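> Next comes the sequence, and after it the predicted model I'd like to discuss.
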Amino acid sequence: MPITPATAEHSAPNTAAETIMLELVDEDGTTIGTAEKLSAHQAPGRLHRAFSVFLFDEHGRLLIQRRALGKYHSPGVWSNTCCGHPYPGEAPFAAAARRTFEELGVSPSLLAEAGTVRYNHPDPASGLVEQEFNHLFVGMVQSPLRPDGTEVEETAFVTHAELMSRHEKDPFSAWFLTVLDAARPAIRELTGPGAGW
């Protein structure tokens with residue numbers, strides 16, 4: 001698994017969700033067009049490119065975030081470190097580093113590709129649908145967090161046991177377990193067998 005230092009130098013202006021364009025893809029992940037973000041998530045959903053990031057501290061604890069209450073999609077639920085969508089033509093790795101910095105105010109000290117996963121997850125609360133071809137990334141964070149309050153309600157570093165306990169009692173994003181399970185081989189390689197992932 002190649003591990004590369006990650007930076008987030010290219011930050012895009014903050015625009016309304018419905019005017020952000022996403023890459024539409026086919027079942028193999030090949031780009032076939034673009035669509036506005038909101039329209040791509042309206043039922044039944046259009047398959048588009050996305051990414052999910054899992055960052056760990058030096059103790060093998062996963063950084064999770066609770067999404068801001070003001071977000072139009074899945075507000076107030078816990079999810080992985082960061083997730084989002086590349087801009088059309090933007091490499092998923094660059095988008096993952098960029099968005100992690102925008103949401104959490106930190107650049108991963110290490111970030112590595114961890115495969116892809118395709119899923120279809122409706123959100124019962126909003127009626128929106130996550131129809132995504134998701135690029136997975138795992139890495140480490142070693143700097144203090146500076147979360148953007150418009151994106152992130154709160155954060156926590158959790159062990160695997162703490163995560164499972166929290167997942168039983170707190171609401172999590174519909175896609176969380178799907179992306180976590182798909183990323184587990186790379187997570188275990190990063191954190192080692194003693195971390196329990």
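Done, it's in.

> got the contact list for the residue positioned nearest the centre of the chain?
In the chain, the C-alpha closest to the average C-alpha coordinate belongs to residue 83, at a distance of 1.9 Å (CA atoms, centre = their mean). By CB atoms under 8 Å, 6 or more residues apart in numbering, residue 83 lies in contact with 50-53, 99, 134, 173, 175, 179. To be clear about C-beta, it is placed using only N, CA and C from the backbone, and glycine gets the same treatment.

> what about 7 Å?
Residue 83 is in contact with 50-53, counting by CB atoms under 7 Å, 6 or more residues apart in numbering.

> go on, residue 26?
residue 32 are the contacts of residue 26 under CB under 7 Å, 6+ apart.

> can you confirm the residue nearest to the centre of the chain is in a strand?
Yes. Secondary structure of residue 83 (DSSP: H, G, I helix; E, B strand; the rest coil): part of a strand.

> Identify the bridge partners of it.
residue 52 (DSSP bridges).

> Keeping just the C-alphas, turn whichever strand or helix holds residue 188 into PDB.
Using DSSP states H and E, residue 188 sits within helix 176-191. The C-alpha atoms that make up helix 176-191 are tabulated as PDB, following Å, rounded to 0.1, in the frame of the first residue of the first chain:
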ATOM      1  CA  PHE A 176     -20.700   4.400   7.400                       C
ATOM      2  CA  LEU A 177     -20.600   0.700   7.900                       C
ATOM      3  CA  THR A 178     -20.400   0.000   4.200                       C
ATOM      4  CA  VAL A 179     -17.300   2.200   3.700                       C
ATOM      5  CA  LEU A 180     -15.700   1.100   7.000                       C
ATOM      6  CA  ASP A 181     -16.000  -2.600   6.100                       C
ATOM      7  CA  ALA A 182     -14.600  -2.000   2.600                       C
ATOM      8  CA  ALA A 183     -11.600  -0.100   4.000                       C
ATOM      9  CA  ARG A 184     -10.800  -2.600   6.800                       C
ATOM     10  CA  PRO A 185      -8.000  -4.500   5.000                       C
ATOM     11  CA  ALA A 186      -6.100  -1.200   4.500                       C
ATOM     12  CA  ILE A 187      -7.000   0.000   8.000                       C
ATOM     13  CA  ARG A 188      -5.500  -3.200   9.500                       C
ATOM     14  CA  GLU A 189      -2.400  -2.800   7.400                       C
ATOM     15  CA  LEU A 190      -2.000   0.800   8.700                       C
ATOM     16  CA  THR A 191      -2.800   0.300  12.400                       C
END
